[in-house]
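Novice: with the sequence up front, the predicted model follows.
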Amino acid sequence: QLSPTFYALTCPNLEAIVRSVMNTTVTNENRMGASLLRLHFHDCFVEGCDGSVLLDNVPATATTPAIGEKNAFGNINSLRGFEVIDTIKAAVEQACPGVVSCADILTLAARDGTFLLGGPTWTVPLGRRDSTTASMDLANRDLPPPFANLVTNPPDGSDLIARFQRKGLSATEMTVLSGAHTIGSAQCQNYRLRLYNENRIDFQFAQGLKANCPQNGPAGDTFLAPLDSTGSVFDNKYYADLTGLRGLLHSDQVLYPQNNQTQAKIVLKYKGDNAAFFADFAAAMIKMGNLSPLTGSAGQIRTNCRLVNP
Ligand code: HEM
Ligand SMILES: [Ca+2]
């Protein structure tokens, strides 16, 4: 029951406001476009796209401790862009107070970040409402780790196909959404094991990265490398890099396996057809953006994206 015209009467300038702040932000720092795309993904995979990831801290309840998703493994010292959401929210509140959810703002910001770095655009269904809860445990359970395999990681279910399947997303959609790694960067601690322990990696590529990512931490732990060879441009180079064994994360390289032609063919298709990549990425983003939204009178419209309303 989300709709692209949800705010047509109540906040007609919403999309222009988001685009304007995002434009300034991405011009100033390219990577922030990528960071907001990732923030939206991490919101949607935990309790659905409800702005839960934006909550600074959540008061304890009978069943959950006082802690939010920001402290989960994949998020802590890694997620970025919270201040950008604050800036957009402030501008939106000025224009149309109390009407637009943080979850919708984040969804639009992710779309604009993609577009401003050269990617596709799409129409965003709107009308999500904000959660009053966030769960570190659910985030730890549902966000895929960079060491995840394609299909085999029993018994903890940390394989990529199953993890996305649980969110109603197919292996093809998982592969196209991973194409988001055409922009942005990762820290050495997330690709170190791959550099030193794996065979399916281009020799020169690994050598180049080892210089700043030594085998033993904490030295180099936070050193950033671009996720593909054109890290500030949204393009299909990511897939060419995978076929050249230059995927940065283990979870990237496993998308192009030797022993699974069905899966490998998805990568080859997007490597050879940028238009198909863009179209399928846009469609998969809309699908991911529709994950169990709060609508109607469920949840709330947060005044401050970091806090549940008093
Ligand atoms: C398939 C499973 C996935 C895994 C295991 C994964 C894991 C990661 C990791 C470990 C990083 C680097 C974080 C850091 O070093 O601080 C990263 C960055 C990123 N991820 Fe993913 N990711 C996955 C899927 C996705 C999806 C579906 C999207 C969006 C649709 C996405 C968007 C991004 C972006 C844009 C960045 C760069 C962020 C920045 O530079 O700030 N990822 N991902
Ligand atoms: Ca969420």
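Specialist: Nice, I can see it. Ligands and ions are numbered 1, 2, ... in the order given.

Novice: spatially central, which residue of this protein would that be?
Specialist: Arg38 (2.3 Å; C-alpha atoms, centre = their mean).

Novice: stretch 45-61: end-to-end distance?
Specialist: End-to-end distance for stretch 45-61: 22 Å, by C-alpha to C-alpha, to the nearest Å.

Novice: got it, and stretch 152-172?
Specialist: Stretch 152-172 has its terminal residues 17 Å apart, counting by C-alpha to C-alpha.

Novice: likewise for stretch 134-149?
Specialist: By C-alpha to C-alpha, the extent of stretch 134-149 from end to end equals 27 Å.

Novice: can you show me the strands along the stretch 151-300 of the chain?
Specialist: 185-187, 224-226 (DSSP state E, counting those that start in this stretch).

Novice: ok so, going back, starting at the chain centroid, how far to the host helix or strand of the residue nearest to the centre of the chain?
Specialist: Per DSSP states H and E, Arg38 falls inside helix 31-44. Helix 31-44 sits 4 Å away from the centroid of its parent chain (C-alpha atoms, centre = their mean, to the nearest Å).

Novice: can you tell me if stretch 135-146 touches ligand 2.
Specialist: No - applying C-beta under 5 Å from the ion, one finds stretch 135-146 out of contact with ligand 2, separated by at least 8.5 Å. In this view, the C-beta of every residue, glycine as well, is placed from N, C-alpha and C.

Novice: before we move on, back to that, which elements pack onto the helix holding Arg38?
Specialist: helix 14-28, helix 82-95, helix 102-116, helix 274-289 (3 or more C-beta pairs under 8 Å, 6 or more residues apart in numbering; DSSP states H and E).

Novice: helix 102-116 and the shortest one, what's the angle between them?
Specialist: With axes from the mean of the first three to the mean of the last three C-alpha atoms, to 10 degrees applied, the angle from helix 82-95 to helix 102-116 works out at 110 degrees.

Novice: residues contacting the residue nearest to Asp280 when sequence neighbours are not counted?
Specialist: Nearest non-adjacent residue to Asp280, counting by C-beta to C-beta, 6 or more residues apart in numbering: Val176, 4.6 Å away. The neighbours of Val176, taking C-beta atoms under 8 Å, 6 or more residues apart in numbering as the test, are 266, 270, 277, 280-281, 284.

Novice: pLDDT at Val176, what is it?
Specialist: Looking at Val176, its pLDDT stands at 98.

Novice: which positions in the stretch 101-250 of the chain make contact with ligand 1?
Specialist: Counting by C-beta under 6 Å from any ligand atom, the stretch 101-250 of the chain comes close to ligand 1 at 144-146, 148, 160, 177-178, 180-181, 183-187, 190, 227, 249.

Novice: rewinding a little: would you turn the strands of the stretch 151-300 of the chain into JSON lines with mean pLDDT, mean neighbour count and distance to Gly113?
Specialist: Formatted as JSON lines, those follow (pLDDT from 0 to 100; neighbours: other C-beta atoms under 10 Å; distance: least, C-beta to C-beta, whole Å):
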{"stretch": "strand 185-187", "mean pLDDT": "98", "mean neighbour count": "18", "distance to Gly113": "14"}
{"stretch": "strand 224-226", "mean pLDDT": "98", "mean neighbour count": "17", "distance to Gly113": "16"}
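
Novice: export those strands to CSV and append columns for distance to Thr172.
Specialist: Output for the strands of the stretch 151-300 of the chain, formatted as CSV (distance: least, C-beta to C-beta, whole Å):
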stretch, distance to Thr172
strand 185-187, 23
strand 224-226, 25
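
Novice: share the number of residues neighbouring Cys49, please.
Specialist: Neighbourhood size, Cys49 [other C-beta atoms under 10 Å]: 28.

Novice: so how far is Met32 from the residue nearest to Asp280?
Specialist: Counting by C-beta to C-beta, to the nearest Å, the gap from Val176 to Met32 is 23 Å.

Novice: could you measure the residue in the chain positioned nearest to ligand 2 against ligand 1, distance?
Specialist: Nearest residue of the chain to ligand 2: Ser52, at 3.5 Å (C-beta to the ion). According to C-beta to the nearest ligand atom, to the nearest Å, Ser52 and ligand 1 sit 16 Å apart.

Novice: hmm, the helix holding Arg38 touching ligand 1?
Specialist: Yes - residues of helix 31-44 contacting ligand 1 under C-beta under 6 Å from any ligand atom: 31, 34-35, 37-38, 41.

Novice: give the buried residues for stretch 272-288.
Specialist: For stretch 272-288, burial by neighbour count (16 or more other C-beta atoms under 10 Å) applies to 277-278, 280-282, 284-288.

Novice: considering only these, which also neighbour ligand 2?
Specialist: Within these, nothing lies near ligand 2 by C-beta under 5 Å from the ion.
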